[in-house]
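Undergrad: need a structure here:
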Amino acid sequence: MAYQLEVIRLRDLLMVQAIPRFVPGLLPSTLEIKGTDLSSALRVIINDVDVPEFMVVDKQTVYAQLPADIASIRTIEVVSSKFTRNVLTSKISYEVGNKTQRVNGIMKLVQLFTKWVLQSPGSDIFDMSRGGGLQEMAGRVMTTKDMQPIYASITRSIETTSNQIRAAQSSQGALPLDERLLSATLVDLTTYDKQMEARVRVRLESMAGADALTALQL
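TA: Predicted coordinates:
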């Protein structure tokens, strides 16, 4: 069984439904966060800053201490300790971390696909053609009134990456079937005008029949 160092961490972003109040009697200022299932919360991030402390009160409730120097709340993310097959969107971290971890099987394949689909062609001196270029879309000006160009660009990135991975893996005779890509399919594309973002869900299937859903937020 071959392992690979985890350099891209994918974790579920849990659904936050409401921020009803500041918790009475708690100092420093502490937010009450409500969601459908926050029981697996690993990190709480407010305005792109990790909160100093948080506590899972129950399945639907998390108390999170407000980071210093935050006057208004723009964004709140509750990151799960899990990566599942039914996530709406994922938190992607490019890091090794203090504690190195290893991945294999379908998670190794997900990491490979995520790295390659986001990579810009020309950025790898060893293979200038490699990359689906999906990360470049985050900097483009697009309108959600006409979704066809966006959909076409994302589909092309996924197909290009799939073909590149299958071609590269064809010469790796010892690679296990659960790490070989069979298909990558665009499940859905959801846009959020107010947040100026798009969320893309891609289902990966290995030649061993295992599948996983990777959700990218652009």
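Undergrad: tell me the SS of Pro149?
TA: Recorded secondary structure, Pro149: helix (DSSP: H, G, I helix; E, B strand; the rest coil).
Undergrad: whoops, Ser129 was the one
TA: coil.
Undergrad: mind checking pLDDT for the spatially closest residue to it that is not a sequence neighbour?
TA: Counting by CB to CB, 6 or more residues apart in numbering, Ser129 lies nearest to Pro121, which is 5.8 Å off, once chain neighbours are set aside. For the C-beta atoms, the positions are set from N, CA and C on the backbone; glycine is no exception. Pro121 carries a pLDDT value of 87.
Undergrad: and the chain, what are its domains?
TA: 10-90, 104-217 (automatic domain parsing).
Undergrad: related to what we said a few turns ago, the residue nearest to Ser129 touches Gln135, doesn't it?
TA: No - contact between Pro121 and Gln135 fails when scored by CB atoms under 8 Å: they sit 11.0 Å apart.
Undergrad: In the chain, spot the strand with the most residues.
TA: Ranked by residue count under DSSP state E, the longest strand found in the chain is strand 181-192.
Undergrad: how far does that strand sit from the chain's center?
TA: Chain-centre distance of strand 181-192: 13 Å, with CA atoms, centre = their mean, to the nearest Å.
Undergrad: Neighbouring strands - and their directions - for it?
TA: If you go by DSSP bridges, strand 181-192 pairs up with strand 197-206 (antiparallel).
Undergrad: Which stretches in this protein count as strands?
TA: Ranges of strands in the chain, per DSSP E, are 4-5, 8-14, 16-22, 30-35, 41-46, 49-50, 54-58, 61-65, 76-80, 90-94, 102-103, 181-192, 197-206, 211-217.
Undergrad: Burial check on Met15, number of neighbours?
TA: Using other CB atoms under 10 Å, Met15 has 14 neighbouring residues.
Undergrad: For the chain, which residues score under the pLDDT cut-off?
TA: Applying pLDDT under 70 to the chain flags residues 1-10, 83-100, 138-146, 192-197, 217-218.
Undergrad: so what's the residue of it positioned farthest from its centre up against?
TA: Distance to the chain centre peaks in the chain at Gly25, reaching 35.5 Å (criterion: CA atoms, centre = their mean). Counting by CB atoms under 8 Å, 6 or more residues apart in numbering, Gly25 touches no other residue.
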